[in-house]
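**Q** Let's see this in three dimensions:
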Amino acid sequence: MQRWRRVRHWCGARRRGQFALTFAMVTVLTGACGALLVAPNWVLPKVSPDRLGAARAVAADDPRLAAVRATMAPFGELTAVRVATGSGQESLVVGHAGQRAEMDVLAAELAPATDSITELWGAGWARSALVVVASNPSEFAALVRSGNLLASEVAAAAVADPYLPGTRPTGQRVVFSPDAGRRLTPAGLRTVLRHELTHLAARADTVDGAPQWLLEGFAEYAAHRGGTERFAEIAPTLNTRLRTGATPVDLPADSSFTGPDAAAAYEQAWSVCAFVAATYGEPRLVQLYRGLAAGKQTPESEDRILREVLGADRASVTAAWRSWLGAESA
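**A** Below is the predicted model of the structure:
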């Protein structure tokens with residue numbers, strides 16, 4: 001089963017501040033997640049032309065490039081950049097000449113993004129990613145294997161081959177839409193990349209039916225981790241509501257991640273994970289993810305896992321989170 005969560009519109013950074021909307025598909029057989037994020041205009045280093053030229057030559061026989069070559073070749077000559085991502089691992093950024101600017105930004109960010117996610121999640125993931133920048137909507141749809149996911153509605157999507165729980169996922173890649181580079185600042189691309197790489201890192205430990213507030217909140221937390229953004233910049237909708245006295249009464253339900261109030265749901269999900277990390281520490285947040293993402297949860301099982309990891313049931317955790325929100329938005 002596939003669950004596409006569509007983004008209805010794009011939003012400018014200057015007009016909206018930090019906007020975050022993603023859709024997620026996490027099933028036993030297939031996983032995909034997509035994101036639209038607009039961030040403050042941070043300046044990122046570029047990859048030098050000399051490095052790009054050398055990378056094209058050495059990346060030609062990379063099996064990950066072969067996996068997308070047949071899909072992408074009809075849309076133009078491929079450009080590939082190989083990036084060292086630590087511990088002897090290498091990642092690959094693939095696109096066409098028209099996507100050179102986006103590729104430069106993503107190639108420059110891949111190593112620090114991988115390091116940050118590994119520091120949070122641990123070393124038990126491939127730490128070697130295939131990042132693809134599509135040149136048009138048709139290429140994007142082919143790369144994400146779905147005509148239902150429109151390039152005009154998302155900035156990026158993470159996909160994986162069908163796999164059985166307990167095995168290592170294969171065929172994983174992050175695919176950026178053709179509009180991503182035009183509609184997002186370099187910092188926006190950076191944040192989207194980290195969000196999607198987090199989904200890839202956690203894919204083997206994530207099954208369908210896990211709480212969306214945790215899946216998307218954790219990816220958002222990882223995307224903003226270590227940054228200088230303030231609460232109001234990451235969660236502007238939530239912050240505005242808090243300042244008017246509209247504090248959330250509960251953790252966001254799965255159904256709230258689609259529809260007109262989805263922006264608030266993603267911001268709340270981020271805030272829950274930020275609260276857990278600030279209150280209990282990042283290792284507990286990761287432990288909570290691994291526990292809750294392992295299967296479809298009932299209220300009873302969710303309570304049990306929360307007590308095991310945080311020492312408090314859902315009602316107590318929710319109350320503490322609501323108090324934390326009040327302090328953060330003050």
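
**Q** Show me the chain divided up by domain.
**A** Annotated domains of the chain cover 13-205, 212-329 [automatic domain parsing].

**Q** how about these in CSV, adding mean neighbour count and mean pLDDT?
**A** All C-beta atoms are positioned from the backbone trio N, CA, C, and that covers glycine. Listed next are the domains of the chain as CSV, based on neighbours: other CB atoms under 10 Å; pLDDT from 0 to 100:
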stretch, mean neighbour count, mean pLDDT
domain 13-205, 20, 76
domain 212-329, 18, 95
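
**Q** So residue 94 is in contact with residue 135, correct?
**A** No. Counting by CB atoms under 8 Å, residue 94 stays clear of residue 135, with 10.9 Å between them.

**Q** Next, residue 208: secondary structure please.
**A** coil (DSSP: H, G, I helix; E, B strand; the rest coil).

**Q** From residue 124, how far out is it?
**A** Look at residue 208 and residue 124: by CB to CB, to the nearest Å, they are 21 Å apart.

**Q** In contact with residue 231, which residues?
**A** Neighbour list for residue 231: 239, 271, 328-329 [criterion: CB atoms under 8 Å, 6 or more residues apart in numbering].

**Q** Can you tell me which of those residues is closest to residue 224?
**A** Nearest to residue 224 among these is residue 271, at 10.7 Å by CB to CB.

**Q** give me the element that closest one is part of.
**A** Using DSSP states H and E, residue 271 maps to helix 262-280.

**Q** Over to residue 226?
**A** Assigned by DSSP H and E, residue 226 belongs to neither a helix nor a strand.

**Q** Roughly how far does the residue lying closest to it once chain neighbours are set aside sit from residue 221?
**A** Counting by CB to CB, 6 or more residues apart in numbering, the nearest residue to residue 226 once its immediate chain neighbours are dropped is residue 116, at 6.0 Å. Using CB to CB, we find residue 116 at a distance of 11 Å from residue 221.

**Q** go on, residue 119?
**A** Applying CB to CB, the value for residue 119 to residue 221 is 13 Å.

**Q** How about residue 84?
**A** When residue 84 is compared with residue 221 (using CB to CB), they lie 26 Å apart.
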